[in-house]
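A.B. asks: Need a 3D model of the sequence below.
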Amino acid sequence: MFVDLTRPERDDFLSQTTGCLIPGYTGHCPTLKFRIGKRYGANTQEIMKDLSDRGVLKRHVADQYRQADPLQAMLTNGQFSVIEHAKGQTRDLKIDSSNRCRRYILGYTGYIPGMHFRYGTSFRRAADASVDDFSRRMSQEASRRALETPLRARSRSAPRLVSIRARDQVKTSLDQYCQHNKFQEAHITPEFPPIAGYTGHIPRVK
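C.D. replies: From the prediction side, this is the model:
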């Protein structure tokens, strides 16, 4: 059950200056069963003062924090030393730092679609190699076209041959042949092999 405070009680409660204030706190501290009736901040302040008076806080010295640490050989004055990267650990012997890949693609294994013969390298290197190959092929194509240009112009300057279909006598002979040989009698001898699957039925003939 929650009982609201009156205006004077609220003003008196908020005007207190001892310790800290947690809104809604009723004075109960977990695991401190015998500390009831004060705010969390006031109880914490008393606990810290009690520990200081007993000398409990002075037992733990900051310098003795990592004395029993198994990684003591890597420590400097009780702290881990910064790893220096000036000894060439990250140096790339294949390419210099100017051509090094700036960012990485997570899960990328070096495969480029459409280029099945490029494996085991980064995307940046494979892309640079592809661009170099493309530039080289373009230069070769430009050189080939430069050599073929005079030959193409020379071939275009030669006179064209006239088609035989444009001659009147050839066209006339073809028309006469088609006119005389349009309908011819086809005689099938009895020795002609039979038609596979034919049973002797002729459509519309009874």
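A.B. asks: what about the strands in the protein?
C.D. replies: 28-29, 32-36, 75-76, 79-80 (DSSP state E).
A.B. asks: Least confident of those, on average?
C.D. replies: Out of the strands of the chain, strand 28-29 stands lowest, with a mean of 56 (criterion: mean pLDDT).
A.B. asks: which residues of this protein score low on pLDDT?
C.D. replies: With pLDDT under 70 as the threshold, the chain has low-confidence stretches at 1-3, 16-35, 56-118, 164-167, 184-185, 205-206.
A.B. asks: mind giving me the domain ranges of the protein?
C.D. replies: 7-62, 109-151 (automatic domain parsing).
A.B. asks: for the protein, which helix is longest?
C.D. replies: helix 123-157 (DSSP state H).
A.B. asks: Name the residues of that helix that are buried.
C.D. replies: Across helix 123-157, burial judged by 16 or more other Cβ atoms under 10 Å covers 123-126. (C-beta placed from N, C-alpha, C; glycine too.)
A.B. asks: Which one of the residues you listed is nearest to residue 158?
C.D. replies: Checking those against residue 158 by Cβ to Cβ gives residue 126 as the nearest, at 47.7 Å.
A.B. asks: Can you lay out the buried residues of helix 123-157 as JSON lines showing distance to residue 145?
C.D. replies: Shown next, in JSON lines, are the buried residues of helix 123-157 (distance: Cβ to Cβ, whole Å):
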{"residue": "123", "distance to residue 145": "32"}
{"residue": "124", "distance to residue 145": "32"}
{"residue": "125", "distance to residue 145": "31"}
{"residue": "126", "distance to residue 145": "29"}
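A.B. asks: now for the longest helix of the chain, which elements pack on it?
C.D. replies: With contacts defined as 3 or more Cβ pairs under 8 Å, 6 or more residues apart in numbering; DSSP states H and E, helix 123-157 has no helix or strand neighbours.
A.B. asks: What segments of the chain are helices?
C.D. replies: Secondary structure of the chain by DSSP H: the helices cover 7-14, 40-54, 123-157, 168-180.
A.B. asks: Could you list the alpha-carbon positions for stretch 140-153 in CSV?
C.D. replies: Extracted in CSV, the C-alpha atoms of stretch 140-153 (Å, rounded to 0.1, in the frame of the first residue of the first chain):
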residue,chain,number,x,y,z
GLN,A,140,46.5,-4.1,-78.1
GLU,A,141,43.1,-3.6,-79.7
ALA,A,142,43.9,0.1,-80.4
SER,A,143,47.3,-0.9,-82.0
ARG,A,144,45.6,-3.6,-84.2
ARG,A,145,43.0,-1.1,-85.4
ALA,A,146,45.7,1.4,-86.2
LEU,A,147,47.4,-1.1,-88.4
GLU,A,148,44.2,-2.2,-90.1
THR,A,149,43.0,1.3,-90.9
PRO,A,150,45.1,1.8,-94.1
LEU,A,151,44.2,-1.7,-95.3
ARG,A,152,40.5,-1.1,-94.7
ALA,A,153,40.7,2.2,-96.6
